[in-house]
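A.B. asks: Model the following, please.
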Amino acid sequence: MIDKVLNYIEKYNMIQKGDKILVALSGGPDSVCLLHVLYSLRKTLNIELYAAHVNHCLRGKDADDDEQYVKDLCNGLGIRVFTQKFNVEKYGEEKGLSCEMAGREVRYNYFNELRKKYNIQKIALAHNANDQAETLLMRIMRGTGVEGLCGIRPVRDEIYIRPILGRTRKEIESYCENIGLKPRIDKTNLECIYSRNKVRLEIIPYMEENFNKDVVAALNRLGEIMQGENELLKEISKECYEKYCYKEQNRVIIRKEAFHNENENLLARVIRNALYKLKGNMYNFEKNHISSVIEIGRNSTGTRTILPNDVVAYNNYGDVYLYSKEDFENSFGNNSNCKQKEIFLRDGNVVCISDIKISLEIIPKEEVNLTESSTYTKFFNYDNINGDKKLRYRQEGDMFNPLGMKGNKSLKKMFVDMKVPREKRNEVPLVCFGEDIAWIVGYRVSEKYKVTDKTKQVLKIKIERGKS
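C.D. replies: Numbers count the residues shown, from 1 in each chain. Sure thing, here's the model as predicted:
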């Protein structure tokens, strides 16, 4: 057992010399075996061992006895042990989680608190080959893809390691018996009250008896093969993600070309990568949710869908924006969210507002070089200007007379025509003369204030961003 576990650790490069390792110790056969094997290898691997136990407060005296057993075991081996009591049932009710999911969340939170506090490099988990087989069968029955068929990984996030994942439950129980260890037995694991227990106690034994006596090993081989295949696909999809996607502040943007140029299966992986970048996990995202994002990307601008975990997918002129629901509502709120501040501009002055620097200069017409006009430098007929010069943001009912056009258009319609993203419209500065919008900064200037042959004086306005 010890040599096989050592080979498995080396195969997946789980541990480096000098690592501090925290063993998740329930007191059951798997975790007790894991602790003892790592204890036996501590000098070979040059590691420092710790253990952590969470009492879920679900099984009364049995749970308390488990906790005491763990303390006694670790004290006997000279291993520092950390324990925590936590009302998992109450936590699950508050969070809307099943007891199983609540317990998992509580345990991982506790393990990571300890990891950060004590500068621990690895958290060792006691999943075994039977756990892997059960996981794969359950995923197959639910319907899964390549990612799901990878099953439980030997190493995750370079933190979580599973040194006995390659060993069967029978091997583990034999090891405990031979060494004289007497682990605790959770009686609920012997009851067919959970789906996983039914797979463990009924389905796998039936398959072993009637189809393949080595079905556990066969399923583990499947997981290992799919992990290799998946790594290749991950590299390809990563390149594709970098080609089409980017993260900007509180959102991830998938460019429209991805929805028309790429194979749908590869596109699905790109979307999964984008969701992971946004949320940091893939909990509750299923195939139908990925398909709905693809549908949004191939639909018209303005269409949207709500995904699990409060994620919104929104089509913005063909690009798909992924937001958290709260950030989406903040960005796409009505005009009440517009910036209300008005800044008055004075001739010949330089005004700095946040990250915008605005300079105004009055120049005789004959000295003006109109070729200097650019996206953020514009010239206006000073002779036609009446009222205060100011910079503001959009307001309800704004109208604008675009250069080269007779009559006004609503600013809202202008934004649509110019394909200004909805969430950016509240942030576009407007240079106004009196009540007239003279310049939609970065986009269009007004017909009313264009420089003509009859113009005598010209107002030059230059805007620079990122200045203060």
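
A.B. asks: so Ile358, which of the three states?
C.D. replies: strand (DSSP: H, G, I helix; E, B strand; the rest coil).

A.B. asks: send the alpha carbons of stretch 122-141 over as CSV?
C.D. replies: What follows is stretch 122-141 as a C-alpha-only set of coordinates in CSV (Å, rounded to 0.1, in the frame of the first residue of the first chain):
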residue,chain,number,x,y,z
LYS,A,122,-1.5,21.1,0.4
ILE,A,123,-4.9,19.8,1.6
ALA,A,124,-5.0,16.0,1.4
LEU,A,125,-8.4,14.4,0.7
ALA,A,126,-9.2,10.7,1.2
HIS,A,127,-11.2,9.9,-2.0
ASN,A,128,-10.5,6.4,-3.3
ALA,A,129,-11.0,4.3,-6.4
ASN,A,130,-14.5,3.3,-5.4
ASP,A,131,-15.5,6.9,-4.9
GLN,A,132,-14.2,7.6,-8.4
ALA,A,133,-16.3,4.8,-9.9
GLU,A,134,-19.4,5.9,-8.0
THR,A,135,-18.9,9.5,-9.2
LEU,A,136,-18.5,8.5,-12.8
LEU,A,137,-21.6,6.2,-12.8
MET,A,138,-23.7,9.0,-11.2
ARG,A,139,-22.6,11.5,-13.8
ILE,A,140,-23.2,9.0,-16.7
MET,A,141,-26.7,8.4,-15.4
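
A.B. asks: would you list every one of the helices in the stretch 301-450 of the chain?
C.D. replies: 325-331, 411-417 (DSSP state H, counting those that start in this stretch).

A.B. asks: Just the CA coordinates for the first one, please, in CSV.
C.D. replies: As requested, the backbone C-alpha atoms of helix 325-331 are provided in CSV (Å, rounded to 0.1, in the frame of the first residue of the first chain):
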residue,chain,number,x,y,z
LYS,A,325,-27.3,40.3,-12.3
GLU,A,326,-26.5,43.1,-9.9
ASP,A,327,-23.8,44.6,-12.1
PHE,A,328,-26.1,44.2,-15.1
GLU,A,329,-28.9,46.2,-13.4
ASN,A,330,-26.4,48.9,-12.3
SER,A,331,-25.1,49.2,-15.9
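
A.B. asks: Show me which residues of the longest helix belonging to the chain are buried.
C.D. replies: Secondary structure of the chain per DSSP state H: the longest helix is helix 215-244. Residues 215-216, 219-220, 222-223, 226-227, 230, 233, 237, 240-241, 244 are the ones in helix 215-244 that count as buried (16 or more other Cβ atoms under 10 Å). For glycine as for every other residue, the C-beta is placed from the backbone atoms N, C-alpha and C.

A.B. asks: Glu342: which of the residues you listed is nearest?
C.D. replies: Of all the buried residues of helix 215-244, Tyr244 has the smallest distance to Glu342: 39.7 Å, by Cβ to Cβ.

A.B. asks: residues contacting the closest one?
C.D. replies: Shown in contact with Tyr244 (Cβ atoms under 8 Å, 6 or more residues apart in numbering): Ile254, Arg255, Glu257, Ala258, Glu262, Val270.

A.B. asks: Kindly recompute the last result at 10 Å.
C.D. replies: 253-259, 261-262, 267, 270, 274, 319-320 (Cβ atoms under 10 Å, 6 or more residues apart in numbering).

A.B. asks: cool, and Leu165?
C.D. replies: 5, 8, 12, 125-129, 131-132, 151-155, 220, 223.

A.B. asks: With Gln84 instead?
C.D. replies: Here Gln84 is in contact with 52-56, 67, 106-107, 109-111, 113-114 (Cβ under 10 Å, 6+ apart).

A.B. asks: how does it look with 6 Å?
C.D. replies: Val54, Tyr110 (Cβ atoms under 6 Å, 6 or more residues apart in numbering).

A.B. asks: And the helix or strand where it lies, what's buried?
C.D. replies: Element membership for Gln84, per DSSP states H and E: strand 80-85. Burial within strand 80-85, assessed by neighbour count using 16+ other Cβ under 10 Å, is assigned to Val81, Phe82, Thr83, Gln84.

A.B. asks: what does stretch 394-410 give?
C.D. replies: Arg394, Asp398, Phe400, Asn401, Pro402, Asn408.

A.B. asks: hang on, the earlier thing: what's the PyMOL line that selects buried ones from the contacts of Tyr244?
C.D. replies: Burial among these is assessed by 16+ other Cβ under 10 Å; the matching PyMOL selection reads:
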select buried, resi 253+254+256+258+259+262+267+270+274+319+320
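
A.B. asks: among the contacts of Tyr244, which are in helices?
C.D. replies: Within the contacts of Tyr244, residues falling in helices by DSSP H are Glu257, Ala258, Phe259, Asn261, Leu267, Val270, Ala274.

A.B. asks: Can you report how many residues neighbour the spatially closest residue to the third one that is not a sequence neighbour?
C.D. replies: It stands for Phe259. Excluding the flanking residues, the one nearest Phe259 by Cβ to Cβ, 6 or more residues apart in numbering is Gly297, at 3.7 Å. Residues lying near Gly297 (other Cβ atoms under 10 Å) number 21.

A.B. asks: State the phi and psi torsions of Gly297.
C.D. replies: Gly297 adopts backbone torsions of phi -60, psi -30, taken as degrees, to the nearest 10.

A.B. asks: Surely it is in contact with Asn261?
C.D. replies: No. Using Cβ atoms under 6 Å, Gly297 makes no contact with Asn261, being 11.4 Å away.

A.B. asks: Next up, the contacts around Ala102.
C.D. replies: Counting by Cβ under 6 Å, 6+ apart, Ala102 has contacts Val88, Tyr91, Gly92.
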